[in-house]
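Q: give the three-dimensional model of this entry:
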Amino acid sequence: MSTEPRLIAPDSHPEPPRAGTAAAPAADTTRTGDRAAGETLEDYTLRFAPRGYRRWTPMVVATTALGGIAYLADFSIGAGIGLTHGTGNALAAIGLAAAVIFLTGFPLAYYGARYNIDLDLITRGSGFGYYGSVLTSVIFASFTFIFFALEGSIMAQGLKLGFGLPLWLGYLVSTLMVIPLVIYGMKALSKLQVWTTPVWLLLMAGPLVYLVANDPDTVNRFLAYAGTDGDGGVNTASVLLGAGVCLSLIAQIGEQIDYLRFMPPKTEANKRGWWTAVVMAGPGWVILGALKQAMGVFLAVYILSEVGPAAATEPIQQFRGAFDAMMPSWLVVPLAVVLVVISQIKINVTNAYSGSLAWTNSVTRVTKRYPGRMIFVLVNLAFALILMEADMFSFLNSILGFYSNCAIAWVVTVATDIMINKYLLKLSPHAPEFRRGMLYAVNPVGVVAFVAASGLSIAMYFHALGDTLQPYSPVAAAVIAFVVTPLMAVATKGRYYLRRTDDGIDEPLLDAEGNPSATTYVCHVCRQEFERPDLAACLTHDAVVCSLCLSTDSAGDHLLPASPTAPAAP
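A: As a prediction, this is how the structure comes out:
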């Protein structure tokens, strides 16, 4: 197959090139493109992940992605819900949240793995527009530093117990130690996650199996626990309040997709393994997450009488109590600390990595300059450190309960656009689009649905609509997003998804098996080779431009014009 670009006439005729532009692109764009090209392409930060880079098997990608959910925050979340509302309400809340997360995560994981793009790029073409998704990128970045801070707090608790480090120093150590690991991106992270996962699983599951096998009465005490605010029964308000906290984890699918975008092409030969990996490491992460939350309730009830309700939500105390029942006392604290440190490293390299991608995406689009991902690794870690030093662990459930309203509104909006607007109504383009110039700046479909869902649910969470409705804020966020997204698509007749109907290159975006084309072209701005889905024709040159150089084109010299039939920008 030829690798030379074959350009077709754009939908409308551009102005003739200005003097000198045929020989070289504008100076500021060239410098930006060269700087972006000089950065490592390890992460494909703002762009499609090319087939030539995706050399891992589906199972390696899945294992790497699942390694990112080794966090111990689930134990704290489950414990907090269980101690407050009782075991029955906690288990019902955990199950309800897991079902919602699985259903909404499935279409997102499929799109990320099938088309090799991250959740921000999916969001752009699924109802939000090129600049509209900046808002959701910031929400996702917030998710990563909130949960980095939570895991860092848990690690600091372990370091205090094991080595006597004051908490403030433990916070600093847990922040700084992940920086060297995050620099190297997917290659380093895949090795780290694969080799540490067996040790983590053994240390996490072993104590629970031992306690249940050797003292079956622990199960009865766990099931009978009524909670400080409960009466032993299951009631709707308690279940929904607990589910709201659990649903703060709905944005975790974004971190899973940061790995799933490196899946190999789906073919007839590998489709069974491909689907297994996508489901297991995509929406399937929540199955393990829900089990960890239930384990957190169990361990908190087990150690409650010994350490009290405040300490019972700390994973280091939970596992110290569990290990103490099955091994010599001199080994208890070291093993508990090892588990906490391994878990913290496994998840926080992912938090720092995914957060840096989200910040870079947002800032590059807004400023049209590519500052480099490492700057935002440090920015994300700084936000996390501030939260830790502010003792966010002590008001964990309040933070997560508020945040979940924004996360639910975003994820449900995008999932609904894929499931309903793309496949059922066929008003949203089937193939995802993320390139500047191909999308409108803002698509009212997703933006209006997200703002309405998050705004009303947050008002409910803060009792603005009365105490009775307060527990229903996460339900409101999901229902409003699910209803308004297709209504807006119908109202706008899907006119604001695509600014153009073609990208000026007659090579198809997808190959015969429906995978992104592997044909390569040279970007005439940064002079690097990129695969077909990452490029578009240039307005002023008989050449192609990569997506990052389009993002950093401050003058708009390379952007193709809108289609003549396209509606005015919203």
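
Q: what about residue 310, neighbour count?
A: Residues near residue 310, counting by other Cβ atoms under 10 Å, number 10. The C-beta positions use only the backbone N, C-alpha and C, and glycine is treated the same way.

Q: can you tell me the SS state at it?
A: The local conformation at residue 310, judged by DSSP: H, G, I helix; E, B strand; the rest coil, is helix.

Q: any idea how far it is from residue 127?
A: 43 Å (Cβ to Cβ, to the nearest Å).

Q: got it, and residue 433?
A: For residue 433 relative to residue 127 (Cβ to Cβ), the value is 12 Å.

Q: what do these two both touch?
A: Between them, residue 433 and residue 127 share these contacting residues under Cβ atoms under 8 Å, 6 or more residues apart in numbering: residue 497.

Q: more neighbours, these two?
A: Comparing residue 433 with residue 127 by other Cβ under 10 Å, the one with more neighbours is residue 127, at 30 against 22.

Q: okay, now the unreliable bits of the stretch 101-250 of the chain?
A: Across the stretch 101-250 of the chain, the ranges flagged by pLDDT under 70 are 181-196, 230-232.

Q: strands along that one, start to end?
A: When assigned using DSSP state E, counting those that start in this stretch, the stretch 101-250 of the chain turns out to have no strands.

Q: got phi/psi on residue 521?
A: Backbone torsions for residue 521, taken as degrees, to the nearest 10, come to phi -130, psi 160.

Q: now the lengthiest helix in the chain: how far from the chain's centre is it?
A: Across the chain, the longest stretch assigned as helix under DSSP state H is helix 329-367. For helix 329-367, the separation from the chain centroid amounts to 13 Å (computed by Cα atoms, centre = their mean, to the nearest Å).

Q: now stretch 461-471
A: Distance of stretch 461-471 from its chain centroid, counting by Cα atoms, centre = their mean, is 28 Å.

Q: okay, buried residues for that stretch please.
A: When neighbours are counted by 16 or more other Cβ atoms under 10 Å, the buried residues of stretch 461-471 are found to be 461, 465, 470-471.

Q: same check on stretch 203-222?
A: Within stretch 203-222, the residues that count as buried by 16+ other Cβ under 10 Å are 203-204, 206-208, 211, 218, 222.

Q: same check, this time on stretch 432-451
A: Those would be 432-440, 442-450, for stretch 432-451 by 16+ other Cβ under 10 Å.

Q: just give the closest residue to residue 256, not the sequence neighbours.
A: Spatial nearest neighbour of residue 256, chain neighbours left out: residue 65 (5.1 Å); criterion: Cβ to Cβ, 6 or more residues apart in numbering.

Q: got a list of what that neighbour touches?
A: 193, 256, 259-260, 281-282, 285.

Q: format these as TSV; extra columns: neighbour count.
A: As requested, the contacts of residue 65 are exported to TSV (neighbours: other Cβ atoms under 10 Å):
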residue	neighbour count
193	25
256	29
259	30
260	30
281	27
282	27
285	24
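
Q: residue 70 contacts residue 341, doesn't it?
A: No. The pair residue 70 / residue 341 is not scored as a contact, 11.1 Å apart, by Cβ atoms under 8 Å.

Q: contacting residues for residue 273?
A: Contacts of residue 273 by Cβ under 8 Å, 6+ apart are 57-59.

Q: next step: those residues restricted to helices.
A: Per DSSP H, helices hold the following members of the contacts of residue 273: 58-59.

Q: I only care about the contacts of residue 273 that end up buried; give me the ChimeraX line for that.
A: Here is the ChimeraX command that selects the buried residues among the contacts of residue 273 (16+ other Cβ under 10 Å):
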select :58
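
Q: other SSEs contacting the longest helix of the chain?
A: Secondary-structure packing of helix 329-367 (3 or more Cβ pairs under 8 Å, 6 or more residues apart in numbering; DSSP states H and E): helix 119-123, helix 134-163, helix 179-182, helix 185-214, helix 252-260, helix 315-324, helix 373-389, helix 547-551.
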